[in-house]
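1. what shape does this take:
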Amino acid sequence: RLGRENFGRVRQLLRCLKLPFRGDNLCTALTFGLRLLRHRALHFRRKIDVFNLDHRNLDTPRAGRMVEDLLQAQIDLLTLDEQTLLSRLSVFAGGFTLEAAEAVGSGPPVDELAVFDLLRRLVDKSLVVADEVGPAVRFRLLETVRVYAREKLFVCGEEAVRLRRHCQWCVDLAALAHSETEGPRRDEWNRKLEADHDNLRAALLRAIESRDAELALCLAGSLNRFWATAGFLSEGRQWIESALGVEGDGPPALRASALFGLSRLALIQADHRVAVSAADECLRIRIDLGDRAGEAAAIGIKALAVGRLGDYDEAYALQEHSLTISRELGLSREANEAVFYMGLLAMYRGDFERAQSHFEESLVAYRASDNRHKVVVLLHNVGEVAWFTGRTESAREALEECLQLAAGLGLRRLVADTQRSLA
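-> Here you go, the predicted model:
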């Protein structure tokens with residue numbers, strides 16, 4: 001049990017380790033402190049007491065040296081492989097998975113197959129913290145340990161190599177997630193990206209500060225869909241605009257992707273003129289590259305922005321053009337999107353029969369692809385159009401299915417809108 005005197009000492013230890021005063025950190029700090037105090041050579045020969053810190057000297061050089069000595073004593077007892085992996089893990093920001101540790105931390109003398117066992121041993125020695133996040137386990141370093149390990153990584157000359165490995169891992173993660181965040185696994189991948197958002201931010205910041213236009217544009221272009229669907233609109237726009245502002249020979253295709261992302265986020269934020277401008281520049285690049293699929297996508301997002309500005313006729317014509325290209329190329333997903341948005345534009349123009357036709361065609365396609373988010377939105381639109389055209393039973397049937405699916409997906413705003421429509 002913690003008495004009043006020991007409670008104060010543990011609080012000092014938490015402050016020394018730069019940990020917030022929480023229950024989970026309390027356990028970590030106690031375990032870490034007790035392990036350090038087991039090293040009799042340090043405790044008795046150097047006369048260092050981990051609890052011999054008070055409010056007057058916690059932020060002094062002496063306190064810093066004490067912590068460094070305590071950390072070094074613990075690290076001195078690690079094997080070479082454990083020391084190497086610990087220093088390499090310091091490039092992560094916020095936390096990491098086992099797969100990330102294998103990708104970034106492996107390499108002589110650390111074998112990729114040995115990373116799991118090494119991580120387990122570092123957790124047992126309280127130098128790495130394991131957090132259970134649902135069915136998964138994420139790892140992290142205490143901030144004091146991370147900073148100290150990062151200094152060791154720099155001293156041994158490996159920092160630049162490991163930072164490049166970390167950036168490449170971020171690029172691979174973002175690229176893999178880009179396609180998934182549009183499909184039925186969107187929520188799952190958004191959670192994965194949000195868990196590693198600090199790592200992605202760190203990689204973006206390094207790319208921008210080092211004027212690496214290719215890396216910055218690659219990350220910004222791949223993450224725009226995540227920022228849009230997970231609600232990081234302003235932050236995402238800032239990252240994309242910063243990436244676009246990096247001078248250098250960034251590949252035109254990557255610049256076009258970043259511009260497309262800027263148009264998407266500006267559109268959601270109702271900054272429609274910026275959305276049109278970014279889509280136009282994206283479209284010019286993709287036409288020059290002969291990227292027909294990218295051209296169709298750029299035309300489609302420009303159509304959305306033009307429609308929001310009130311020019312429904314031009315917007316409808318643009319979507320028809322996008323649909324034509326998509327069908328020529330056999331791009332079913334892009335064609336479905338064009339049909340969906342043509343339905344919206346027809347509804348806004350008051351052409352409910354055409355809107356109903358587009359929505360029903362799109363609904364069939366999205367049911368087949370198991371895209372539940374698009375299905376639930378389409379059911380709501382089908383129901384609304386049915387109300388407008390006097391088909392009460394059809395409207396109620398569509399809206400009741402929409403309500404059930406929206407509740408299951410946790411779409412509270414859509415649930416409320418549907419309930420009002422059914423009232």
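2. please count neighbours and contacts with C-alpha atoms only from this point.
-> Noted.
3. I'd assumed residue 91 was in contact with residue 198.
-> No: assessed by C-alpha atoms under 8 Å, residue 198 is found out of contact with residue 91, at 11.3 Å.
4. more neighbours: these two, which one.
-> Set side by side, residue 198 and residue 91 show more neighbours around residue 91, with 26 against 16, by other C-alpha atoms under 10 Å.
5. assumed the more buried one was part of a strand.
-> No: Residue 91 is assigned coil when assessed by DSSP: H, G, I helix; E, B strand; the rest coil, not a strand.
6. list the contacts of it.
-> Residues near residue 91 by C-alpha atoms under 8 Å, 6 or more residues apart in numbering: 150, 159, 162-163, 166.
7. roughly how far apart are it and residue 160?
-> 10 Å (C-alpha to C-alpha, to the nearest Å).
8. find the centremost residue of the chain, please.
-> What sits nearest the mean C-alpha location of the chain, by C-alpha atoms, centre = their mean, is residue 193, with 3.0 Å.
9. need the pLDDT of that residue.
-> Looking at residue 193, its pLDDT is 94.
10. I'd like the distance between it and residue 419.
-> 32 Å.
11. returning to what we had before: show the contacting residues for the residue nearest to the centre of the chain.
-> 174, 177, 226.
12. closest to residue 254 among those?
-> residue 174 (13.4 Å; C-alpha to C-alpha).
13. run a quick neighbour tally on the closest one.
-> 23.
14. okay, now residue 265: neighbour count?
-> 28.
15. buried set for the helix or strand hosting residue 189?
-> Assessed by DSSP states H and E, residue 189 sits inside helix 186-195. With burial defined by 16 or more other C-alpha atoms under 10 Å, the residues of helix 186-195 counted as buried are 186-187, 189-190, 193, 195.
16. now the contacts of residue 193 as JSON lines including pLDDT?
-> Compiled in JSON lines, those are given as follows (pLDDT from 0 to 100):
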{"residue": "174", "pLDDT": "95"}
{"residue": "177", "pLDDT": "90"}
{"residue": "226", "pLDDT": "94"}
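17. residue 255 reaches residue 219, doesn't it?
-> No: Residue 255 is beyond contact range of residue 219, at 10.8 Å (criterion: C-alpha under 8 Å).
18. surely residue 115 is in contact with residue 103?
-> No: applying C-alpha under 8 Å as the test, residue 115 and residue 103 come out as separate, 9.7 Å apart.
19. looking at these two, which has the bigger crowd around it?
-> residue 115 (21 against 17).
20. now for the residue lying closest to the more buried one once chain neighbours are set aside, how many residues are close by?
-> Of all residues beyond its chain neighbours, the one nearest residue 115 is residue 102 (6.0 Å), with distances taken as C-alpha to C-alpha, 6 or more residues apart in numbering. Using other C-alpha under 10 Å, residue 102 has 20 neighbouring residues.
21. quickly find the element holding residue 102.
-> Using DSSP H and E, residue 102 falls in helix 98-105.
22. so for that helix, mean pLDDT?
-> For helix 98-105, the mean confidence score works out to 96.
23. can you name the next helix or strand after that helix?
-> Helices and strands here follow DSSP H and E; after helix 98-105, the next one along the chain is helix 115-124.
24. helices or strands up against the following helix or strand past that following helix?
-> Downstream of helix 115-124, the next assigned helix or strand under DSSP H and E is strand 129-133. With contacts taken as 3 or more C-alpha pairs under 8 Å, 6 or more residues apart in numbering; DSSP states H and E, strand 129-133 sits against strand 136-140.
25. any buried residues in the strand it packs on, and which?
-> 138-140.
26. let's see that strand as PDB, backbone CA atoms only.
-> Provided in PDB are the C-alpha atoms of strand 136-140 (Å, rounded to 0.1, in the frame of the first residue of the first chain):
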ATOM      1  CA  ALA A 136      -4.700  -5.600 -30.800                       C
ATOM      2  CA  VAL A 137      -1.600  -4.700 -28.800                       C
ATOM      3  CA  ARG A 138       0.300  -1.400 -29.300                       C
ATOM      4  CA  PHE A 139       3.600  -0.600 -27.900                       C
ATOM      5  CA  ARG A 140       5.100   2.700 -26.800                       C
END
